[in-house]
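**Student:** build me a model from this:
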Amino acid sequence: MRLTRFTDLALRVLMRLAVEQADLPTTRDVAATMQVPYTHTAKVVAKLQHLGLVEARRGRGGGLALTSAGRAASVGGVVRELEGAGDVVDCEGSAPCPLRSACVLRGALRRAQEAFFAALDPLTVNDLVAAPTGPLLLGISGGSPGGAERP
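**Tutor:** Numbers count the residues shown, from 1 in each chain. Reported below is the predicted structural model:
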């Protein structure tokens, strides 16, 4: 199973926001830190905001913040939500596979996909930023470990 770039970026944005301890970064700041285009980051942030994982504050002192639901979110749940419930292979597409009615592979791939998600289920966003990842992210983002923790 391979994650889409959208899901990969979403997880990295959540991780970046999970270590932020002082100023609220803007979408532009996060895009620069993650070295990805602003437009892609803006789409990801909009989806994460829609899911209630990220809060975007406008105006002076505004920026992005991880919500408490975002901190506690299951990585497996986030990946499921962003990747969708589709099968690993498209057996029913525009040219349906002639083996689809009796195929053992389709069921095995579906079970493998669920095992992939299940392996991610116990991890939370907070778990992803435990040492050694969190301190590295702080260094990349220019944050300082002495800031106040956000709820």
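
**Student:** what are the boundaries of the strands in this structure?
**Tutor:** 54-57, 63-66 (DSSP state E).

**Student:** what's the last one packed up against?
**Tutor:** Using 3 or more Cβ pairs under 8 Å, 6 or more residues apart in numbering; DSSP states H and E as the contact criterion, the secondary-structure elements in contact with strand 63-66 are helix 5-19, helix 27-34, strand 54-57. (C-beta placed from N, C-alpha, C; glycine too.)

**Student:** if you average the pLDDT over that strand, what comes out?
**Tutor:** When pLDDT is averaged over strand 63-66, the result is 94.

**Student:** next one: that strand to chain centre, how far?
**Tutor:** Centre-to-centre, strand 63-66 and its host chain are 14 Å apart (Cα atoms, centre = their mean, to the nearest Å).

**Student:** dump it to CSV, restricted to CA.
**Tutor:** C-alpha atoms of strand 63-66 as CSV (Å, rounded to 0.1, in the frame of the first residue of the first chain):
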residue,chain,number,x,y,z
GLY,A,63,-2.2,31.1,12.1
LEU,A,64,-2.7,27.3,12.3
ALA,A,65,-3.1,25.3,15.5
LEU,A,66,-3.6,21.6,16.1
